[in-house]
Every structure is written in C-alpha cells, then in structure tokens.
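Predicted model and sequence follow; I will ask about them next.
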Amino acid sequence: MALHSTRRRRTSLFITGLWLGLAACQAWALTPEEVFRKVAPAVWTVKGERGNNQTAIGSAVAVTPGALATACHVVDGAVAVTVVQGPTTLRIARIVRDPDPSRDLCVLTSETPLQLPAVQIVPAAELRVGQRVFAVGSPHGLERTLSEGLISALRPRAPGQLPIVQTSAPVSSGSSGGGLFDTEGRLVGVTDSVAPGGANLGFAYPAQWVMELPQRVTTELATWSDLLKSAGVVFGPNGEPAPSGHAELSDLQALPSIGADPTPVRNAYRQFLLQARPRIFLITGDQKFGTATSSAALTEHLKGCTERKVTCAAYAVDDTVVWGKQKPAK
C-alpha cells in the first residue's frame, strides 16, 4: 500500500534530522564543566500528567532541533505531557514509540516547531568499558543535574543486539530519559533504569537506537496497514483509513458510553491523542477500551477479543475517526 505523501515527507524529515546527529565532532576531552556547558541546553525535565493530581517526572534530551528522546515509561499513561527547562515550558503534541516495546524508547515533538540545541550521537561501536561518562538529567525533579562515572559494562540482551550501557554515574528517580555523555559532550545513551537511592548502578539505552528508530517505524507501518485491513478497517482511495463521519478526532463527547462514569474512557482517549502514528483506539464488545501503537500490541488486543468471543472495533485510527465504518474482521 502506498503511504500518504504527507506521511512520507514527515518520515523523510525525521530520518534526515536524526542522521545529522552522527556528524563528526571534536576529538579531545573536555573538562566536566565544559561538558555540562555544552550539553545542558539540550536536557529537559519531562512531566507526564496522569490525572487525579498525579504527575510522573523524568528527563529528555534533544536529538534533533525539533525532537527529544526519553524513556517511554516516563510518559506511559499520561493524558498530557510537557517538557520544562528553567522558565520555559513546552507542550508535547506527539510521542513516537519504538515498535519494539522492550526498548522503552520514545521521541517527543512539541505543538510548535522548535530549534533546539541538539546533541551529537556516538555510534555504539565506539563505546568502551572504562571510558569516562557524565549523566545529565532531573533526579527527583532537580533540573539539569550533573554526575560523573564510567561505562561499567556493555551488556547485549541477545546475540547480535546493540549492548545496554551499564554506568557507575549516579542516577536516581527522575533521571530516566536523560542523557549519558562522553568527554566530548556526545550522547552515549538515554538513561533507562536507575538504582534506588542514587547508588552507582544505572543503565542506559545506546544512543544509536535513536538513529535506528525512523527505519524501524517505516517498516512497522507496512505491517500495521496489513493488520488493520485484517481487523476490518476500511481504507479510502488515498491509502488512509476512511472516515466514518461520526465525529471530529478531538471530540471527547462523541465517545461511546462505557459504564456510568465517562472519565476513564476519555482519559484513555487523551492518551491515544498523544501518540504518533501508527495508533488505534479500540472498543470491545465487553466494554473494554484502549490504545495500541504497534503491530505486536494490536495483535494481542485482537487475540484477546477472539479468545473472549467479543467484537473488537476501531474507534479511531491514526488521525481519523472510523467508528461505525468497519467490515467484519478476517
């Protein structure tokens, strides 16, 4: 299926912007003060509002002039996401997720075009155990905190995979999604899991994963479209899901009534609206609902409906409400 031209342009720009991060840079070590001065403008605090006055705090690092990388668990379940740096607060409009949920890697884009001071990215092949690194993030919400350590180990999760970076640089709750940098101020990894109490044991995803994300998303889109067709979603001549005319995408009032309290389904739909393509909001015959953002997740939802012997209907796909315009699933 041919992808919509707008989608192709956006993917192309995203790929181009990310690959700029591999440009050559200085080949000499900087002092800790110089590293911080170089990278701090690219590091932000992330706030994910989850309703009921609950807010998750994490970190993010600018990987292109218009996008920030973070750990997905920082924004999971959020109905609204902002990034903060000093007096500046930006509202996030889209969350691009790695199709492999085990990677826990997300890229955030804001509602308005930005010109962020993006960092340069270190290819995984250049990483060495024992090299000096610096973590910059927001532990416990303390913006742009610097800590120092070493790459303690490079640990592949499976044969052939890029290694997870283990570091002795102290990190703690709120550091997730922040940057791990080398002595040239280049991004080594995106902080993921942290040790309780700031002990010298932390882990980061290799920054090269960010570079792989555009191609992984492009491949995922082809699989996603085939799966939507098998689920009964109707496509128009332009290759996009056909609108049903039920409602505008952002109209929360038009959501079907599920239970006595509309708040849970509306909050779940707000979470859906934050996700980038591909995305689908599903409502089942046994009054369940939720979002899938990968072919693996959608397959699991459909499998669950089959096992429970209930319908599993799409309310909205990508940027289109399709409710009421669906063929029987194959």
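Thanks, I have the structure now. Residues are numbered from 1 along each chain as shown.

Flag the shaky bits of the stretch 51-200 of the chain, pLDDT-wise.
For the stretch 51-200 of the chain, the stretches with pLDDT under 70 are 195-199.

mind listing the strands for it?
55-64, 67-71, 80-85, 88-97, 105-110, 132-137, 145-156, 163-167, 179-181, 187-194 (DSSP state E, counting those that start in this stretch).

Of all the residues in the fifth one, which ones are buried?
Buried residues in strand 105-110, counted by 16 or more other C-beta atoms under 10 Å: L105, C106, V107, L108, T109, S110. C-beta coordinates here come from the backbone N, C-alpha and C atoms, glycine included.

quick one: which of these is nearest to I283?
Nearest to I283 out of those is C106 (C-beta to C-beta; 24.8 Å).

how's this structure carved up into domains?
In terms of domains, the chain is parsed into 5-211, 231-321 (source: automatic domain parsing).

Out of those domains, which is closest to L221?
Smallest distance to L221 across the domains of the chain (C-beta to C-beta): 6.0 Å, for domain 231-321.

and that closest one, how far apart are its ends?
End-to-end distance for domain 231-321: 15 Å, by C-alpha to C-alpha, to the nearest Å.

any idea of the mean pLDDT for it?
The average pLDDT within domain 231-321 is 92.

mind listing what G324 touches?
By C-beta atoms under 8 Å, 6 or more residues apart in numbering, the contact list for G324 reads S244, H246.

I meant to write A296 there.
P99, D100, P101.

The strand or helix carrying it: how far from the chain's middle?
Secondary structure from DSSP states H and E places A296 in helix 295-308. Centroid separation for helix 295-308 versus its chain: 22 Å, with C-alpha atoms, centre = their mean, to the nearest Å.

Next secondary structure element downstream of that helix?
Next along the chain after helix 295-308, taking DSSP H and E as the criterion, comes strand 312-317.

Direction included, what does that following strand pair up with?
In the sheet, strand 312-317 lines up against strand 280-284 (antiparallel), strand 320-321 (antiparallel) (DSSP bridges).

Show residues contacting the first one.
Counting by C-beta under 8 Å, 6+ apart, strand 280-284 makes contact with 228, 256, 258, 268-269, 272, 289-293, 298, 301, 305, 308, 310-318, 323, all of which sit outside it.

Ok, stretch 108-121 next?
With C-beta under 8 Å, 6+ apart, stretch 108-121 has contacts from 20-23, 25, 39, 41-42, 46, 60-70, 75, 81, 83, 90-96, 179, 181, 185-187, 207-208, 210-211, 276.
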